[in-house]
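S.K.: kindly return the folded structure for what I paste below:
(2 chains)
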There are 2 protein chains.
Amino acid sequence: MSKQELPLVDAGQACCAPLVCAPLTEAEAGELAPLFKAIGDPVRLRLLSLIACHEGGEACVCDLTDAFELTPPTISHHLKVLKQAGLIDSQRRGTWVYYWLNPGVLERLSAVLGPRALVSA
Amino acid sequence: MSKQELPLVDAGQACCAPLVCAPLTEAEAGELAPLFKAIGDPVRLRLLSLIACHEGGEACVCDLTDAFELTPPTISHHLKVLKQAGLIDSQRRGTWVYYWLNPGVLERLSAVLGPRALVSA
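M.R.: Reported below is the predicted structural model:
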């Protein structure tokens, strides 16, 4: 949805309810909820965090598995869920697959929950 | 394909990965993930949004059910999930139960995903 399609925000409401407000549409909620669901798991949330914090903003599975007491297939499963949700992308280089955050996705989710949020993304 | 044959990571990526970084701890991820999971459902995301956007920042079930083609017990179930996660609180007043967002919780989640985030909450 373009910004132009959104209703104007009533500046006066800002004092009482920081979440200024035109409720999310069904379509917006349907698009955003799977992203939140994908990060609604402690392993996946940590994986995202580890990838984001890794040097250069990308990490290979070999960098990630040591942080968990989980098998490589389990880690790979969680990475697949994050990738299918569009939160990360990956590329195989030689032996390893490298992962990085898709730019803008977390920022969008952050904005949706932020102080002028639950409006539109 | 050897690593040498691949282009170096574009230094410009720094612009796209503003997530500054000490990764979330296991305890932090364990605490935050259930909150994201609770909003990882389109009905619950819209309920949060509708409550946040309702006049005075609170809404009764009677204000919320009309937005959905769902039965009142289903709406109540989703509200219960949001409440159990600590995202909203409620109070019965006469016939109706009123709901409002717990202050600071969404802001915290927003911050966790935000530009200097995935660090700590």
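S.K.: quick check, A:Tyr98 in a strand?
M.R.: Yes. Counting by DSSP: H, G, I helix; E, B strand; the rest coil, A:Tyr98 is located in a strand.
S.K.: wait, it touches A:Asp89, no?
M.R.: No. If you go by Cβ atoms under 8 Å, A:Tyr98 and A:Asp89 don't touch, sitting 9.4 Å apart. C-betas here are computed from N, CA, C, even on glycine.
S.K.: what does the strand or helix carrying A:Leu79 rub up against?
M.R.: Using DSSP states H and E, A:Leu79 sits in helix A:72-84. With Cβ atoms under 8 Å, 6 or more residues apart in numbering or on different chains as the test, helix A:72-84 has contacts from A:38-39, A:41, A:43-44, A:47-48, A:61, A:64-65, A:68, A:88-90, A:99.
S.K.: run the last query once more with 10 Å
M.R.: Helix A:72-84 has contacts (Cβ atoms under 10 Å, 6 or more residues apart in numbering or on different chains) with A:34-35, A:37-39, A:41-48, A:51, A:59, A:61-62, A:64-65, A:67-68, A:70-71, A:87-90, A:97, A:99, A:101-102.
S.K.: just the buried ones among those, please.
M.R.: A:34-35, A:37-39, A:41-48, A:51, A:59, A:61, A:64, A:67-68, A:87-88, A:90, A:97, A:99, A:101 (16 or more other Cβ atoms under 10 Å in any protein chain shown).
S.K.: filter those residues down to the ones near chain B?
M.R.: Near chain B, taking Cβ under 10 Å from any Cβ of the partner chain as the test, the members of those found are A:34-35, A:37-39, A:41-48, A:51, A:67-68, A:101.
S.K.: quick revisit: the buried ones among the contacts of helix A:72-84 in strands, which ones?
M.R.: Of the buried ones among the contacts of helix A:72-84, the ones assigned to strands by DSSP state E are A:59, A:88, A:90, A:97, A:99, A:101.
S.K.: chain A: helices as residue ranges?
M.R.: A:26-39, A:42-53, A:61-64, A:72-84, A:105-113 (DSSP state H).
S.K.: now these in CSV, with mean pLDDT?
M.R.: Output for these, formatted as CSV (pLDDT from 0 to 100):
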stretch, mean pLDDT
helix A:26-39, 96
helix A:42-53, 94
helix A:61-64, 90
helix A:72-84, 96
helix A:105-113, 90
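S.K.: out of those helices, nearest to B:Arg108?
M.R.: helix A:105-113 (8.9 Å; Cβ to Cβ).
S.K.: show me what the closest one is packed against.
M.R.: helix A:26-39, helix A:42-53, helix B:26-39, helix B:42-53, helix B:105-113 (3 or more Cβ pairs under 10 Å, 6 or more residues apart in numbering or on different chains; DSSP states H and E).
S.K.: now do the shortest one: distance to the chain's middle.
M.R.: On the basis of Cα atoms, centre = their mean, to the nearest Å, helix B:105-113 is displaced by 8 Å from the centre of the chain it belongs to.
S.K.: again, but for the first one
M.R.: Going by Cα atoms, centre = their mean, the spacing between the C-alpha centre of helix A:26-39 and its chain's C-alpha centre is 10 Å.
S.K.: A:Thr71 and A:Val61 touch, don't they?
M.R.: No. Using Cβ atoms under 10 Å, A:Thr71 is not in contact with A:Val61, being 11.5 Å away.
S.K.: check contacts around A:Ala38.
M.R.: A:Ala38 neighbours (Cβ under 10 Å, 6+ apart): A:44-45, A:48, A:78, A:81-88, B:36-37, B:40.
S.K.: next: A:Phe36.
M.R.: Going by Cβ under 10 Å, 6+ apart, the list of residues near A:Phe36 reads A:29, A:85, A:109, A:112-113, B:35-42, B:44-45, B:109, B:113.
S.K.: neighbours of the nearest residue to it once chain neighbours are set aside, how many?
M.R.: Closest residue to A:Phe36 apart from its sequence neighbours, by Cβ to Cβ, 6 or more residues apart in numbering or on different chains: B:Gly40 at 3.9 Å. By the measure other Cβ atoms under 10 Å in any protein chain shown, the count of residues near B:Gly40 is 21.
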